[in-house]
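Quick one: sequence and predicted model below, then my questions.
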There are 4 protein chains.
Amino acid sequence: MTKSHPDLSDIVATIGRDMGAHLGGGKVADYIPALARVDPRRFGMAVIGCDGQTAETGDAWMPFSIQSISKVFTLTMALERLGDDLWKRVGREPSGSRFNSIVQLEHEQGIPRNPFINAGAIVVTDALLAGRPPAEGVAEIRDFMRRRADTETLDVDPEVVSSEAATGFRNQSLASFMRGFGNLHSPVDEVLEVYFNQCAVRITCRQLARAGLFLANAGKDPINGDVVTTSKRARRIAAVMMTCGHYDASGEFAFHVGLPGKSGVGGGILAIVPGKAAVAVWSPGLDEAGTSYVGAMALKRLAAATRWSVF
Amino acid sequence: MTKSHPDLSDIVATIGRDMGAHLGGGKVADYIPALARVDPRRFGMAVIGCDGQTAETGDAWMPFSIQSISKVFTLTMALERLGDDLWKRVGREPSGSRFNSIVQLEHEQGIPRNPFINAGAIVVTDALLAGRPPAEGVAEIRDFMRRRADTETLDVDPEVVSSEAATGFRNQSLASFMRGFGNLHSPVDEVLEVYFNQCAVRITCRQLARAGLFLANAGKDPINGDVVTTSKRARRIAAVMMTCGHYDASGEFAFHVGLPGKSGVGGGILAIVPGKAAVAVWSPGLDEAGTSYVGAMALKRLAAATRWSVF
Amino acid sequence: MTKSHPDLSDIVATIGRDMGAHLGGGKVADYIPALARVDPRRFGMAVIGCDGQTAETGDAWMPFSIQSISKVFTLTMALERLGDDLWKRVGREPSGSRFNSIVQLEHEQGIPRNPFINAGAIVVTDALLAGRPPAEGVAEIRDFMRRRADTETLDVDPEVVSSEAATGFRNQSLASFMRGFGNLHSPVDEVLEVYFNQCAVRITCRQLARAGLFLANAGKDPINGDVVTTSKRARRIAAVMMTCGHYDASGEFAFHVGLPGKSGVGGGILAIVPGKAAVAVWSPGLDEAGTSYVGAMALKRLAAATRWSVF
Amino acid sequence: MTKSHPDLSDIVATIGRDMGAHLGGGKVADYIPALARVDPRRFGMAVIGCDGQTAETGDAWMPFSIQSISKVFTLTMALERLGDDLWKRVGREPSGSRFNSIVQLEHEQGIPRNPFINAGAIVVTDALLAGRPPAEGVAEIRDFMRRRADTETLDVDPEVVSSEAATGFRNQSLASFMRGFGNLHSPVDEVLEVYFNQCAVRITCRQLARAGLFLANAGKDPINGDVVTTSKRARRIAAVMMTCGHYDASGEFAFHVGLPGKSGVGGGILAIVPGKAAVAVWSPGLDEAGTSYVGAMALKRLAAATRWSVF
């Protein structure tokens, strides 16, 4: 990487400086206190190449709430556990709707459009749980995340979990709805317990980029050699990230950034550069679609400067 | 291209042979006679590299009706004419709906989700027409297509035009609807005259791949040196093809093929391999989403064999 | 009527006075000039009993544009011409949507929910036209209206017709959409020519109440003895007026007034008091659902004072 | 009543005989065992006049599950408790959708269209509960029903309650969804406990007609003199029954029967004849919209024979 992009560190540093003028843009998620009180002016970015080289800027080592970016990892885990049978329970088409819409579920018999809208991610978590006790599912996801991020310290924020459980009416509604169609096998409360935990993992940009690196490297972790998934499956997960990773703003992200990505309401974004690198950015202010405002801007700059767009 | 893929001709030839077992699959479009009477067992494929090398199989030199693939070319033309102002009149998000759905238009004030669903393409054609007489618009599009395909023989099938005009009630409905919202400037009949003509262009796989090559080469035609559009715009058009090129099956195409593409109800598909090549396939039988059944299968094989997926 | 309601003239006169404080309320339709320039402070009301007695107040003799109230009369005519076969082409359920929504049509294969939303009324007009030249349909409707209103002077406002034709993109869209589903037999332009003419009839409250009287009298005109329709059919038309007569505000009208009614964007409302009377009110200002604001208020007062609610 | 309808007993007896040929028509609700095992060939009808006279046929004294007909009584109770403020939390428009649709809720911010679809009835129950313990709400509803039906024996079927609780995922989804919008004040489980209990009341046709009589008599129970609600409110409840009492088949019921009514999935229907009588029918087989097939047929006959249609 360093040879073809000798200036990557410079590019990242420049982006870090340029973002200074935009800090505080967007609107911090405020539906739970633990998210609402995050400093809106934070910004971090970390890039890790398939060759292990890294570049960082800003708050790249400050933990934030992973939220929906966790869906990429549970999808990988569920596909490894169930294989392509998972696709009988969730589609892989853009929904054209907001992250928590229930309309399409009613028209399509409880089968969510894709694994990255909330309904789809809840099904994926249910599939991964496979009837086991919630604590077992939570531990498995946490351990997988730790292994991928190459850290033992990564953990769940219990305050976020309990806040989500107390206010997550829409997710309860989605889960009950799908259970009514037989597309949720464990009880609603148990699936949501796992789901709220996976979303409450605290992670840094540095760890997140590291955790996603296998998707840039044909399913194999280039640092420790773990074969996380097959090459074909890694490409397909990236394809779903491209078409569905940002809810009803996925087209915009593909248009402006041109990389498979997944955003979270905590302000993080994971982007994959196939064959080259994984990138994580974080800044808490969100645009209307729920994607980090400054984070997306930084990725757009990065893609332009590196010519990493896949198109 | 030939060096990194010394066996491309072999790969294409093998795909041609393998498709023999699937010919006749899918369902030929039958809403107008000119399409309905096409032999369902036809199959052609043509690949043209940015270096000018080619590989072909089957009916690669037999003309077919370009239909919705024309939307890629009119989008390019309209962007060159209007610049990014075009995006005020049409979005770039997957619609999650069928190619001719009107539901979203009602909910979103007559602004179509993207330029590749019918409503969006009609707006693009109206923008390109810019109030001029329809004949002028038709000639401009035909001449652009001829230049891109490097042939003077490419022409419109008048029977298809008149059939479309006689049966195109849904397109008339979409156009009238948008005109009611002020998002169509020319009269409905004039815009549709141009639209029906652009869809009725007869083209071969060989010509179609040639015509799309600028999108694989950063906006510049690598054969004759024409700068068709900017590098940035070419990438963005490819991004919209990836997320929206196949209506409510765009996710499937990205998942299985991993290339920006655009399908037409005539059975053709244009796929772009950024930096490498353009590919055209044709086989008249369609799947439920209106994409060539054998054509998509051939592209899936090609992407697997060449590792050309962008992911 | 006078015996059971000796004070009807007093009630109507009082309502006329009381409405004085509300004149100018609501918003006059302004999508065509001929409607927009009507004085917003006009108000008229006319009641005609099945015994022929009348009571009036305000501008009861001033003509206004009948608009959608014409749908009641074309429905009657079409039912007489086609019988219950008409119901294969249009439903009789409230739509839950605005008067010009197209969403439900897409979900239900081009069959409109009821004959009083625009799509349904266009189908009814097409059924009534039955392939004949538009002028014949226009003349038939006008003659029927004249006979019902007991006047030779009632006529179409040509300015309104031409304005509607020039701006009626939504109705063109609805008609084209249904023609695409085979639920419109005459060409779109011909059906809309008749439809725009029927909506442009100029009528007074006095004439309108007279014209609707057969619906209050079991299908028979109590004044001249004409059997306009059967008793059963008259009751059923009234039932559809109750559940569907005011688009997505039909429930409100039933709740507050308790009578079958039909409103028009010209500010008129026809209400039926089964077995007793027909009532017409007119005041140009409309509420959000497109019903006359002062007119509905007057009907609410009338129903309260006379205890004419059917409930 | 007997004077104006000396033959009411004959009419009812004839209907009872005629229905014999249709018994077993429709499809018995089978989503819970307690409903599924009801004999599909049962049919009962009871009419009670405002003068206290009665006419019955068939299984008029056999108890069945009241199900959604309970919504009429909880609406009355909640209106008495909260007054018109209730209408801030639930509309009174036909929804145009099935009884358990969630689509409209998403588009309209958690405010259900009317109190007779499930979502609306759940809000009404929540409003009636007003934060009290569920047992208190259940007892209040049961006591109200007993008083109205003039019987101490009327009670809840515990098997139905527990089956509903175990399978009521859709209702849980609706309730969670509305709680997410702040339109449910008590916890979802508590509201649904009351709701499932109110739907599980076992009642006979004889009792149900008796219980609904106040709605035919301007809000006052004509037998025991209880003023249940005001005259105005009774008429308005009847109006909502007319426009919304049968979900997306309310228009059909108004068209064919012409009376305010409310159906339940247990096969019962309550119909109100304003100023004259209350009618209850029961037969377990349902049509596609969830209304008793034979029951609706019997009411259609009754309305035709008695000329009781309000239109």
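Structure received.

what's next to stretch A:184-193, contact-wise?
Surrounding stretch A:184-193, the residues in contact under the criterion CB atoms under 8 Å, 6 or more residues apart in numbering or on different chains are A:122-123, A:125-127, A:129-131, A:133-134, A:138, A:165, A:168, A:171-172, A:175-176, A:178-179, D:169, D:172. For every residue, glycine as well, the C-beta is placed using N, CA and C.

Kindly recompute the last result at 7 Å.
The contact list for stretch A:184-193 (CB atoms under 7 Å, 6 or more residues apart in numbering or on different chains) reads A:122-123, A:125-126, A:129, A:131, A:134, A:168, A:171-172, A:175-176, A:178-179.

Quick check: what element follows the helix or strand harbouring residue A:250 along the chain?
In this structure, residue A:250 sits in helix A:250-256 according to DSSP states H and E. Per DSSP H and E, the first helix or strand lying C-terminal to helix A:250-256 is strand A:261-263.

ok, and which of the contacts of stretch A:184-193 reach chain D?
When the contacts of stretch A:184-193 are checked against chain D using CB under 7 Å from any CB of the partner chain, the ones in range are A:172, A:176, A:179.

among these, which ones are buried?
Taking 16 or more other CB atoms under 10 Å in any protein chain shown as the criterion, what is buried in these is A:172, A:176, A:179.

Show the contacting residues for the first one.
What it means is residue A:172. With contact taken as CB under 7 Å, 6+ apart, residue A:172 is in contact with A:188, A:192, D:176.

Okay, buried residues for the helix or strand that contains the second one please.
Under the assignment given by DSSP H and E, the secondary-structure element containing residue A:192 is helix A:188-199. Going by neighbour count (16+ other CB under 10 Å), the buried part of helix A:188-199 is A:188, A:190, A:191, A:192, A:193, A:194, A:195, A:196, A:197, A:198, A:199.

And for stretch A:36-48?
Neighbour count says stretch A:36-48 has A:38, A:40, A:42, A:43, A:44, A:45, A:46, A:47, A:48 buried, by 16+ other CB under 10 Å.

ditto for stretch A:267-275
Judged by neighbour count using 16+ other CB under 10 Å, the buried positions of stretch A:267-275 are A:267, A:268, A:269, A:270, A:271, A:272, A:273, A:274.

ok, residues contacting stretch A:207-221?
Applying CB under 7 Å, 6+ apart, the contact partners of stretch A:207-221 are A:46-48, A:50, A:69, A:72, A:145, A:148-151, A:154, A:222-223, A:226-231, A:233-234, A:237-238, A:268, A:270, A:272-280.

Run the chain-centre distance for the least confident helix or strand in chain A by mean pLDDT.
For chain A, scoring each helix and strand by mean pLDDT, DSSP states H and E identifies helix A:103-107 as the least confident one, at a mean of 88. Centre-to-centre, helix A:103-107 and its host chain are 24 Å apart (CA atoms, centre = their mean, to the nearest Å).

Next, the angle from the helix or strand just after that helix to helix A:188-199.
Proceeding C-terminally, helix A:103-107 gives way to helix A:118-129 as the next helix or strand, assigned by DSSP H and E. Put simply, helix A:118-129 runs at 100 degrees to helix A:188-199, going by axes from the mean of the first three to the mean of the last three CA atoms, to 10 degrees.

What's the local residue count around the closest residue to residue A:305 other than its chain neighbours?
Once its chain neighbours are removed from consideration, residue A:305 has its nearest residue in residue A:11; the separation is 4.6 Å (CB to CB, 6 or more residues apart in numbering or on different chains). By the other CB atoms under 10 Å in any protein chain shown criterion, the neighbourhood of residue A:11 contains 18 residues.

So what touches the host helix or strand of residue A:11?
In this structure, residue A:11 is located in helix A:8-19 according to DSSP H and E. Defining contact as CB under 7 Å, 6+ apart, one finds that helix A:8-19 is touched by A:1-2, A:43, A:45, A:47, A:55-58, A:294, A:297-298, A:301-302, A:305-306.

Looking at those, which is nearest residue D:87?
Sorting these by distance to residue D:87 puts residue A:294 at the head of the list, at 44.5 Å, by CB to CB.

List phi and psi for the residue nearest to that closest one when sequence neighbours are not counted.
Once flanking residues are discounted, residue A:294 sits nearest to residue A:283: 3.7 Å by CB to CB, 6+ apart. Dihedral angles phi and psi of residue A:283 (degrees, to the nearest 10) take the values phi -160, psi 130.

Please state the offset of the helix holding residue A:192 from the chain centre?
When C-alpha coordinates are averaged (CA atoms, centre = their mean), helix A:188-199 and its chain have centres 16 Å apart.

Equivalent analysis for stretch A:300-311, please.
Stretch A:300-311 has its average C-alpha position 20 Å from the chain's average C-alpha position, going by CA atoms, centre = their mean.

for stretch A:276-295, same thing?
10 Å.

could I get it in PDB with only the CA atoms?
The C-alpha trace of stretch A:276-295 is given here as PDB (Å, rounded to 0.1, in the frame of the first residue of the first chain):
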ATOM      1  CA  LYS A 276      -6.300  -2.600  -0.300                       C
ATOM      2  CA  ALA A 277      -7.500  -1.400   3.000                       C
ATOM      3  CA  ALA A 278     -10.200  -0.900   5.700                       C
ATOM      4  CA  VAL A 279     -11.100   2.600   6.900                       C
ATOM      5  CA  ALA A 280     -13.000   3.700  10.000                       C
ATOM      6  CA  VAL A 281     -14.100   7.200  10.700                       C
ATOM      7  CA  TRP A 282     -16.000   8.700  13.600                       C
ATOM      8  CA  SER A 283     -17.700  12.000  14.300                       C
ATOM      9  CA  PRO A 284     -21.000  12.100  16.300                       C
ATOM     10  CA  GLY A 285     -23.100  14.600  14.300                       C
ATOM     11  CA  LEU A 286     -25.400  12.900  11.900                       C
ATOM     12  CA  ASP A 287     -27.100  13.900   8.600                       C
ATOM     13  CA  GLU A 288     -30.800  13.400   8.000                       C
ATOM     14  CA  ALA A 289     -30.300   9.800   7.000                       C
ATOM     15  CA  GLY A 290     -28.400   9.000  10.200                       C
ATOM     16  CA  THR A 291     -24.900   8.900   8.700                       C
ATOM     17  CA  SER A 292     -22.000  10.800  10.300                       C
ATOM     18  CA  TYR A 293     -21.900  14.200   8.600                       C
ATOM     19  CA  VAL A 294     -18.200  14.900   9.000                       C
ATOM     20  CA  GLY A 295     -17.300  11.200   8.700                       C
END
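
Quick check: mean pLDDT of that stretch?
When pLDDT is averaged over stretch A:276-295, the result is 97.

Just the buried positions in it, please.
Buried residues in stretch A:276-295, counting neighbours by 16+ other CB under 10 Å, are found at A:276-287, A:289-295.

Near chain B, which residues of chain A are found?
Of all the residues in chain A, those lying near chain B are A:92-97, A:113-114, A:235-236, A:238-240, A:242-244, A:248, A:250-252, A:254-255, A:258, A:260, A:274, A:309-311, going by CB under 7 Å from any CB.
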